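Asker: Take a look and give me a structure for this.
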Amino acid sequence: MPPFRSLATAVLFAALATGSACAAPPKVLHMFLSTSETGLDPAVASDIATLSLLENLFDPLLRYDYLARPVKLQGNTATGLPEISQDGLTYTFHLRPGIHFTPDPAFKGGKREVTAADYVYSIKRLYDPSLKSPWSFMFDGKLLGDAALKDRFSYATEIPGLQAPDRYTLRIRLSARDNNFLFYLATPASGVVAREVIEAYPGQAGNHPVGTGPFMLGDWKRSDRIVLVANPDSTAVFHGTPGADPADQAIAKALEGQRLPRVDRVEVKIAEEFQGRMLGFLNGEYDYLEQVPESMTDMVIDNGKLKPDLARRGMQLYRFPVLQTYYMWMNMQDPVLGGYGKERIALRRAISLSYDSAEDIALLKKGFAMKAESPLPPGVLGYDPAYRSPVPHDPALANALLDRYGYDKRDPDGFRRQPRRGGKPGETEPLTLEMSSEATVGGRLRDELWRKCLNAVGLRVVFKSDKKTEIIKASRLGKVQMFESNWIADFPDGDNFYQLLYGPNAGRANYARFDLPAYNIRYEQARQLTNGPARQKLYAEMNQLIHAYNPWVPLTHVLSADIRQPWLKNYKRHPVEFTQWRYLDVDVAERERNSREK
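Answerer: Numbers count the residues shown, from 1 in each chain. The predicted structure follows:
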């Protein structure tokens with residue numbers, strides 16, 4: 001497919017090319033995405049690579065304050081946070097006048113201002129059955145009267161939950177309180193689109209992204225190179241809430257009140273190979289590198305610090321606590337280790353006791369992780385830094401537990417046998433655990449760690465390697481016994497993690513198929529509460545139930561090793577947003593000087 005270039009962008013590139021010879025050189029960010037992008041339609045895309053592009057092209061009503069920690073929302077196209085009715089069901093947003101979509105032939109030469117009706121249309125698109133939007137869950141069943149959109153979908157159908165009483169006012173009514181609802185309105189999926197554009201390119205909206213964001217699409221060579229150029233009509237202005245950190249204060253001083261973005265364009269390459277990304281960064285081809293791959297850590301880090309030769313070049317290393325939890329889940333419906341009886345609980349508890357987090361962190365994570373005490377990573381609303389798991393690494397206790405609950409008999413090779421299902425007391429049969437794993441170098445290293453841990457308590461394990469996509473498909477069907485996975489926050493609230501063990505989510509996000517009434521009740525109660533002591537108490541009780549029944553082995557929370565080049569300014573990684581591109585600036589002279597001195 002030939003490179004894609006919008007009409008507006010072609011004009012802009014021509015202007016740059018014919019500009020004055022005395023003009024300052026353009027400021028260009030050099031970025032990479034680790035996987036190929038898909039279609040650039042906010043209602044459809046769900047992969048991180050595409051979402052990273054979409055959040056720079058399209059505007060939701062709200063976005064996150066770049067500097068605030070803990071995270072908080074602020075107005076984006078809305079003038080600020082909405083007015084919320086006393087019952088928590090009605091949200092009234094006021095849009096900033098003068099926001100325009102980027103040029104497109106669909107507008108027939110005119111400038112097209114964003115109105116509240118555009119947001120009504122954009123949210124309705126998530127219900128459109130022809131799109132099969134993966135983001136429909138954010139609104140489905142929550143907007144008052146939205147059953148009318150599901151019974152017989154039509155964009156002409158009006159519902160009381162989604163109304164535009166005037167040009168710049170949007171009113172959303174919910175059928176029940178949802179304390180996380182505002183987070184949904186800061187996602188790329190709720191970004192505003194123009195109906196004229198969608199209808200001008202039937203079924204091809206993802207090939208013609210026309211938004212209101214700080215950037216617009218320039219050159220696009222699929223799965224190879226994407227160029228975003230600064231939107232000349234962008235009305236975004238920076239306002240942030242820095243903490244006491246001097247680095248944050250410096251960013252706030254540089255950006256406060258400034259128009260965004262700060263660079264002229266962003267050049268993005270697709271770089272799927274770990275080594276290619278690392279070498280490209282070291283050669284100055286990329287401006288920052290987030291989450292140094294575990295297998296590449298020794299190339300750039302020594303004893304937890306950036307190697308001296310890189311530090312001399314002005315590079316800086318950051319440790320960033322990602323809102324991410326690694327865990328190993330076990331299928332509660334599996335005939336070998338599933339169920340809620342004492343024998344099966346003992347087996348899963350022994351597996352949990354066998355896990356050596358210290359070795360995982362030191363050898364596999366190269367020190368860039370912390371032990372997970374519960375499903376919640378630091379930085380998520382509801383996280384309790386004082387909570388400690390009652391299930392330590394204790395192989396001796398695991399062995400004693402297995403001996404007590406019927407796994408005391410051994411095969412000639414020393415591995416444990418299990419109580420025979422339906423047999424007489426004392427009868428046993430062979431026991432073999434099957435753990436699915438990714439067919440990668442990292443996957444094989446994790447296999448060896450688990451083999452060592454499980455063998456230490458007499459448990460035989462075999463590994464079934466496959467692509468992660470295939471493992472996930474099988475997991476949804478309940479055909480995987482156990483698998484190590486991870487979850488990155490969609491929004492920074494504990495609900496996003498505890499829903500992974502909620503019974504009705506079995507076969508979807510709840511791959512463990514854990515379905516315990518005591519847990520489900522507490523989860524439902526917690527969903528009705530805002531962050532505070534009452535919800536914290538419920539979360540602590542849910543943690544205890546997880547540790548009692550062991551559908552999960554909580555493993556680690558990643559501390560990402562991020563490195564930036566010396567010429568990059570205003571860099572601060574955000575816990576939720578995918579990119580910082582709109583805020584970043586480039587010292588062109590320093591980049592050129594560094595290139596000469598390499």
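Asker: what's near enough to touch Leu310?
Answerer: Residues near Leu310 by Cβ atoms under 8 Å, 6 or more residues apart in numbering: 282, 300, 563. All C-beta spots, glycine's among them, are computed from the backbone N, C-alpha and C.
Asker: Looking at these, which is nearest Val457?
Answerer: Of all those, Val300 has the smallest distance to Val457: 36.6 Å, by Cβ to Cβ.
Asker: any idea how far Arg313 is from that closest one?
Answerer: Distance, Val300 to Arg313, using Cβ to Cβ, to the nearest Å: 11 Å.
Asker: again, but for Gly422
Answerer: 67 Å.
Asker: And these two? Which one has more around it.
Answerer: Shown here are Gly422 and Arg313; by other Cβ atoms under 10 Å, Arg313 has more neighbours (15 against 6).
Asker: what's the pLDDT at that one?
Answerer: pLDDT recorded at Arg313 is 94.
Asker: ditto for the one 5 residues further on
Answerer: Looking at Tyr318, its pLDDT is 92.
Asker: doesn't Leu568 make contact with it?
Answerer: No. With contacts counted by Cβ atoms under 8 Å, Tyr318 stays clear of Leu568, the gap being 11.7 Å.
Asker: Which of these two has more residues huddled nearby?
Answerer: Leu568 (21 against 17).
Asker: Could you give the bridge partners of that one?
Answerer: Beta-bridge partners for Leu568, by DSSP bridges, are Val586.
Asker: what's the distance between it and Pro293?
Answerer: For Leu568, the distance to Pro293 - Cβ to Cβ - is 20 Å.
Asker: Lys371 now?
Answerer: Lys371 is 21 Å from Pro293, where distance means Cβ to Cβ.
Asker: any idea of the pLDDT on the residue nearest in space to the middle of the chain?
Answerer: Residue closest to the mean C-alpha point of the chain, counted by Cα atoms, centre = their mean, is Ile488 at 4.3 Å. If you check Ile488, the pLDDT there is 88.
Asker: Just list the residues touching it, thanks.
Answerer: Ile488 touches 322-324, counting by Cβ under 8 Å, 6+ apart.
Asker: tell me the contacts of Pro385?
Answerer: By Cβ under 8 Å, 6+ apart, the contact set of Pro385 is Pro378.
Asker: how about the helices in the stretch 301-450 of the chain?
Answerer: Using DSSP state H, counting those that start in this stretch, the helices of the stretch 301-450 of the chain run over residues 308-312, 342-354, 357-359, 395-404, 441-455.
Asker: and the residue nearest to the centre of the chain, bridged to which residues?
Answerer: Beta-bridge partners recorded for Ile488 (DSSP bridges): Gln324.
Asker: Arg388: neighbouring residues, count only.
Answerer: When counting by other Cβ under 10 Å, one arrives at 12 neighbours for Arg388.
Asker: residue furthest from the geometric center of this protein?
Answerer: Lys424 (49.4 Å).
Asker: and that one, what does it touch?
Answerer: Counted by Cβ under 8 Å, 6+ apart, Lys424 has zero contacts.
Asker: ok, it to Thr432 distance?
Answerer: On the measure of Cβ to Cβ, Lys424 and Thr432 end up 22 Å apart.
Asker: remind me which residues of the stretch 1-150 of the chain are low pLDDT?
Answerer: 1-22 (pLDDT under 70).
Asker: Can you list the strands that the top strand by length along the chain pairs with?
Answerer: Ranked by residue count and defined by DSSP state E, the top strand of the chain is strand 552-564. As defined by DSSP bridges, the strand partners of strand 552-564 come to strand 288-289 (antiparallel), strand 316-321 (antiparallel), strand 324-330 (antiparallel), strand 369-371 (antiparallel).
Asker: what's the least confident stretch among the ones you listed?
Answerer: Across the strands paired with strand 552-564, the lowest-scoring stretch is strand 316-321, with a mean of 92.
Asker: Format the CA atom coordinates belonging to that strand as CSV.
Answerer: Taking Å, rounded to 0.1, in the frame of the first residue of the first chain, the C-alpha atoms of strand 316-321 are listed here in CSV:
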residue,chain,number,x,y,z
GLN,A,316,19.6,9.7,32.2
LEU,A,317,18.1,6.6,33.8
TYR,A,318,14.7,6.6,35.5
ARG,A,319,13.0,3.9,37.6
PHE,A,320,9.3,4.1,36.9
PRO,A,321,6.7,2.1,38.8
